[in-house]
Structures are given as C-alpha cells and as structure tokens.
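>>> A predicted structure for the sequence below; I have some questions about it.
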Amino acid sequence: MTTELPHTMSAICAVCHRHTTAPVEVRRLEPADAPGTTLYTCPEDVGTLPPGPGADECTPLRTAG
Ligand SMILES: [Zn+2]
C-alpha cells in the first residue's frame with residue numbers, strides 16, 4: 001500500500017496562511033544564503049499582499065553612522 005499524494009498544485013497562502021489548491025504565484029524570494037522560495041496566495045487574496053522586496057531588489061541597505 002502506498003500513500004501517494006495526488007499531483008495537485010497546492011501551497012500555503014501567504015496572506016491568510018490557509019492551504020489552497022489553486023495557489024497564485026505572487027513573489028519569488030531568492031536570498032543569497034538560502035534556497036529560493038516562492039510566495040503563493042489563494043485566489044481570494046490575490047493582490048492583497050503588500051509590495052515588498054523581490055529578487056530584483058534584495059540589496060540590504062546598511063546606513064553607517
Ligand atoms: Zn489567502
């Protein structure tokens with residue numbers, strides 16, 4: 001007997017943190033010192049995720065002084 005999971009797309013919504021079977025990719029996080037991850041939201045929360053740093057603008061701002 002095997003407990004194979006069905007090959008359905010599923011992810012945890014980054015907004016409501018609920019499991020969704022129809023995730024929408026909203027952002028890619030690719031830190032230099034960690035494996036990249038992708039943020040998903042459920043269809044209901046599409047567009048509600050506030051804009052944040054993406055892979056393009058991952059430059060750490062350090063103000064000396
Ligand atoms: Zn959601």
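Looks like it came in fine.
>>> buried sites along stretch 4-17?
Across stretch 4-17, burial judged by 16 or more other Cβ atoms under 10 Å covers 11, 13, 14, 15. Every residue, glycine included, has its C-beta placed from N, CA and C.
>>> quick check: can you name the pairing partners of the helix or strand of the chain with the lowest mean pLDDT and their directions?
Sorting the helices and strands of the chain by mean pLDDT, DSSP states H and E puts strand 24-29 at the bottom, at a mean of 89. When pairing is defined by DSSP bridges, strand 24-29 lines up against strand 37-41 (antiparallel).
>>> distance between the strand it pairs with and the chain's centre?
Offset of strand 37-41 from its chain centre (Cα atoms, centre = their mean, to the nearest Å): 2 Å.
>>> mind listing what's buried in it?
39, 40, 41.
>>> give the contact list for the second one.
Going by Cβ atoms under 8 Å, 6 or more residues apart in numbering, residue 40 touches 11, 12, 13, 14, 20, 23, 24, 25, 26.
>>> pLDDT score for it?
pLDDT, residue 40: 93.
>>> tell me the contacts of the residue nearest to the spatial centre of the chain?
Central residue of the chain (Cα atoms, centre = their mean): residue 39, 0.8 Å from the mean position. Residues near residue 39 by Cβ under 8 Å, 6+ apart: 14, 25, 26, 27, 28, 29, 49.
>>> for it, list each beta-bridge partner.
Counting by DSSP bridges, the residues bridging with residue 39 are residue 27.
>>> how near is it to residue 4?
27 Å (Cβ to Cβ, to the nearest Å).
>>> now for the closest residue to residue 9 other than its chain neighbours: which residues touch it?
Once flanking residues are discounted, residue 9 sits nearest to residue 23: 6.2 Å by Cβ to Cβ, 6 or more residues apart in numbering. Counting by Cβ under 8 Å, 6+ apart, residue 23 makes contact with 9, 10, 11, 13, 40, 41, 42.
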